[in-house]
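1. next one to model:
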Amino acid sequence: MATYAELRQQLAELEEQAALARANEAADVLADIKAKVEEFGFSEEDIFGRRPGARRRGAPAGHHVAPKYQDPKTGATWTGRGRAPRWIADAKNRDRFLIRKA
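-> Down below sits the predicted model:
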């Protein structure tokens, strides 16, 4: 039976061989991927999808949202998004501030 030291030596050799085999296979796979990308004209977005934090193409920057609420005293409006303005924040029932469509 092999000693602990011999087994550790064999393990180290096998790990080194595995790392070398992985590096060789990875190089082959990467070369194949690059060739396919060039052949078919794929973009980074085609392969990996949309990047986190990137805007979607359909929604333009600064998309305008129509106001939903209006202060009857001052005429100030609020879309209902984000932090509520002071004039509506304390209201228990916001229905009286709704802008009625004619």
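2. quick one: contacts for A66?
-> Applying Cβ atoms under 8 Å, 6 or more residues apart in numbering, we find A66 in contact with T79. Where you see a C-beta, it was placed from the backbone N, CA and C, and this is true even at glycine.
3. let's see it at 7 Å
-> By Cβ atoms under 7 Å, 6 or more residues apart in numbering, A66 lies in contact with nothing.
4. may I have the secondary structure class of it?
-> coil (DSSP: H, G, I helix; E, B strand; the rest coil).
5. state the distance from it to D95.
-> 17 Å (Cβ to Cβ, to the nearest Å).
6. before we move on, which element is the most centrally placed residue in the chain in?
-> The centroid of the chain falls nearest to P52 when counting by Cα atoms, centre = their mean (2.8 Å). Per DSSP states H and E, P52 falls between elements, in no helix or strand.
7. what about it, distance to E45?
-> 12 Å.
8. try Y4
-> Y4 is 52 Å from E45, by Cβ to Cβ.
9. neighbour count: those two, which is higher?
-> E45 (10 against 7; other Cβ atoms under 10 Å).
10. excluding chain neighbours, what is closest to the more buried one?
-> R51 (7.6 Å; Cβ to Cβ, 6 or more residues apart in numbering).
11. can you list the domains in this protein?
-> 4-48, 64-102 (automatic domain parsing).
12. buried residues in the last one, which are they?
-> By neighbour count with 16 or more other Cβ atoms under 10 Å, domain 64-102 contains the buried residues Y69, Q70, W78, W87, I88, F97.
13. which of the residues you listed fall in helices?
-> W87, I88 (DSSP state H).
14. ok now the helix or strand of the chain with the lowest mean pLDDT, how far from the chain's centre?
-> Least confident helix or strand of the chain, by mean pLDDT, DSSP states H and E, is helix 44-48 with a mean of 85. Distance of helix 44-48 from its chain centroid, counting by Cα atoms, centre = their mean, to the nearest Å, is 13 Å.
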